[in-house]
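Enquirer: sequence unavailable; structure follows:
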């Protein structure tokens, strides 16, 4: 599964929250974005995790204002089961 983390919708200035989504889109997972926009030139550090057996993916960290979207890769438990539900 790929988690796409982007500041396109609301990451224009320092302190803005960042949109995150699961790709490919699926109703099986819910994404909770706790990523915050930081000043240009700051350290990039978004990360994604999901507790075993959970359908909630939490994306945390920071991303510079007006930066390009970031792609995060997250391994999921039982990918065949996930594929069968899609």
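Expert: Here it is on my side, so go on. These numbers come from a predicted model, not from an experiment.
Enquirer: every contact and neighbour count from this point should use C-alpha atoms.
Expert: OK.
Enquirer: quick check: buried residues in stretch 12-30?
Expert: For stretch 12-30, a neighbour-count test (16 or more other C-alpha atoms under 10 Å) marks 12, 13, 14, 15, 16, 17, 18, 19, 20, 21, 22 as buried.
Enquirer: mind checking what secondary structure the first one has?
Expert: At residue 12, secondary structure determined by DSSP: H, G, I helix; E, B strand; the rest coil is coil.
Enquirer: list the contacts for it?
Expert: 37, 65, 66 (C-alpha atoms under 8 Å, 6 or more residues apart in numbering).
Enquirer: now the helix or strand encompassing the first one, how far from the chain's geometric center?
Expert: Here residue 37, judged by DSSP states H and E, is contained in strand 36-38. Put simply, strand 36-38 sits 13 Å off its chain's centre (C-alpha atoms, centre = their mean, to the nearest Å).
Enquirer: could you point out which element follows the least confident helix or strand in the chain by mean pLDDT?
Expert: Every helix and strand of the chain was ranked by mean pLDDT, DSSP states H and E. The lowest is strand 2-6, at a mean of 56. Scanning forward in sequence from strand 2-6 by DSSP H and E, the next helix or strand is strand 19-23.
Enquirer: was I right to think residue 31 contacts residue 20?
Expert: Yes. Counting by C-alpha atoms under 8 Å, residue 31 does reach residue 20; the two are 6.8 Å apart.
Enquirer: anything in contact with each of these two?
Expert: By C-alpha under 8 Å, 6+ apart, residue 31 and residue 20 have these common neighbours: residue 59.
Enquirer: pLDDT below threshold where in this structure?
Expert: 1-11, 77-86 (pLDDT under 70).
Enquirer: any idea what sits nearest residue 29, other than its immediate chain neighbours?
Expert: Nearest-residue entry for residue 29: residue 55, 4.8 Å, with adjacent residues in sequence omitted and distances by C-alpha to C-alpha, 6 or more residues apart in numbering.
Enquirer: no, scratch that, I was asking about residue 34
Expert: Distances taken as C-alpha to C-alpha, 6+ apart put residue 60 closest to residue 34, at 4.8 Å, once the chain neighbours are dropped.
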